[in-house]
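Chemist: generate a structure from the sequence data that follows.
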Amino acid sequence: MSFSRSSHISGQGRLTPDQLEAYHRDGFLLVEGVFPKTEIDEINCEIDRLRDGKSTDNVNKDDVMLCLGLKSELTRRVCRDERILTLIEDIVKPGIAIYSAKLFEKRPNDERICHWHQDDAYYQKHSHCACRMSAWIPLQDCDESNGCVWVVPGSHQHGLKSASMIDDGTGHCEFAFAHGTAEVEGAVPVPVKAGTVLLFHALTARRSLGNRTTHSRRSFIISYQDALTNRGNKDQHQVLRPAGKR
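Modeler: Numbering: from 1, shown residues only. A predicted model of the protein is given here:
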């Protein structure tokens, strides 16, 4: 079952009351057409350049690029992009800070799984924040063939699930609450176009399956929290909009 088109909301600027209601109800929201193709192409070229540098702190064996907002001026600008900050200003408050930023890549014909998890299981090791969320930006079109995100609508309303390590060869997850192939009640795939922004709460349950295509699938993910939560993920933590200012 695919998520219905009625939940695919187009447009830029601040979220409308209906969009905010949908986000708070479902724990996620799609906003289409935020980044044009020319900018997505530029970001992909920058990721290629960073990978070609072969620095050990850029890429690990799981095709994850950590501390992405600290890697270059371009990746820093993406994390601070006013289009994203304006979208989330009524979700993340008071003020907006970066918690972390990273890139996940599913290589061609890579069947590894991102198991069922909630981001806050990782984040709460550093700090607690009730409004922490992420902007998930696909750098290629994503659907079930190349490992789009699956979510459980409304799961963010039920708190943090008990989780444990899964590292069985299908994919590594330090805080999984279920195997990625498990049938979780209410789960739906969320296909997205490159340049769309998928907003989701840090407690929203999600997974992704393997990439069965001959092309890579990349996602640029920035996690935000309010400006008063004084701890993020080490040097990545940056206050972008102080509390009380827009």
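Chemist: how about the CA coordinates for the longest strand along the chain, as CSV?
Modeler: Assignment by DSSP state E gives strand 96-106 as the longest strand of the chain. Provided in CSV are the C-alpha atoms of strand 96-106 (Å, rounded to 0.1, in the frame of the first residue of the first chain):
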residue,chain,number,x,y,z
ILE,A,96,16.4,26.4,15.3
ALA,A,97,19.8,24.6,15.7
ILE,A,98,21.5,21.8,13.7
TYR,A,99,21.8,18.6,15.6
SER,A,100,23.7,16.7,12.8
ALA,A,101,23.9,16.1,9.1
LYS,A,102,24.8,13.1,7.1
LEU,A,103,24.5,11.4,3.7
PHE,A,104,23.3,7.8,3.2
GLU,A,105,23.9,6.1,-0.2
LYS,A,106,22.5,2.8,-1.4
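Chemist: tell me the mean pLDDT for that strand?
Modeler: Strand 96-106 carries an average pLDDT of 97.
Chemist: in its sheet, what does it sit against?
Modeler: Here strand 96-106 has these sheet partners by DSSP bridges: strand 64-65 (antiparallel), strand 217-225 (antiparallel), strand 238-241 (antiparallel).
Chemist: which helices and strands does the helix or strand following that strand pack with?
Modeler: The element immediately downstream of strand 96-106 (helix or strand, assigned by DSSP states H and E) is strand 114-117. Applying 3 or more Cβ pairs under 8 Å, 6 or more residues apart in numbering; DSSP states H and E, we find strand 114-117 packed against strand 172-178, strand 206-208. In short, each C-beta sits where N, CA and C put it, glycine included.
Chemist: what mean pLDDT does strand 114-117 get?
Modeler: 98.
Chemist: nearest to residue 196, out of the strands paired with strand 96-106?
Modeler: strand 217-225 (11.0 Å; Cβ to Cβ).
Chemist: for residue 171, which non-adjacent residue is closest in space?
Modeler: Setting aside the residues directly before and after it, residue 171 is nearest to residue 113 in space (Cβ to Cβ, 6 or more residues apart in numbering), at 3.9 Å.
Chemist: ok, so what distance separates the one you found from residue 210?
Modeler: 6 Å (Cβ to Cβ, to the nearest Å).
Chemist: so for these two, which residue has more residues nearby?
Modeler: Comparing residue 113 with residue 210 by other Cβ atoms under 10 Å, the one with more neighbours is residue 113, at 23 against 20.
Chemist: residue contacts, that one?
Modeler: 170, 171, 179, 180, 181, 207, 208, 209, 210 (Cβ atoms under 8 Å, 6 or more residues apart in numbering).
Chemist: give me the buried entries from those residues.
Modeler: Burial by neighbour count, 16 or more other Cβ atoms under 10 Å: within these this picks out 170, 171, 179, 180, 207, 208, 209, 210.
Chemist: buried stuff in the longest helix anywhere in the chain?
Modeler: What stands out as the longest helix in the chain, according to DSSP state H, is helix 37-52. Of all the residues in helix 37-52, those buried under the rule 16+ other Cβ under 10 Å are 39, 40, 43, 44, 46, 47, 50.
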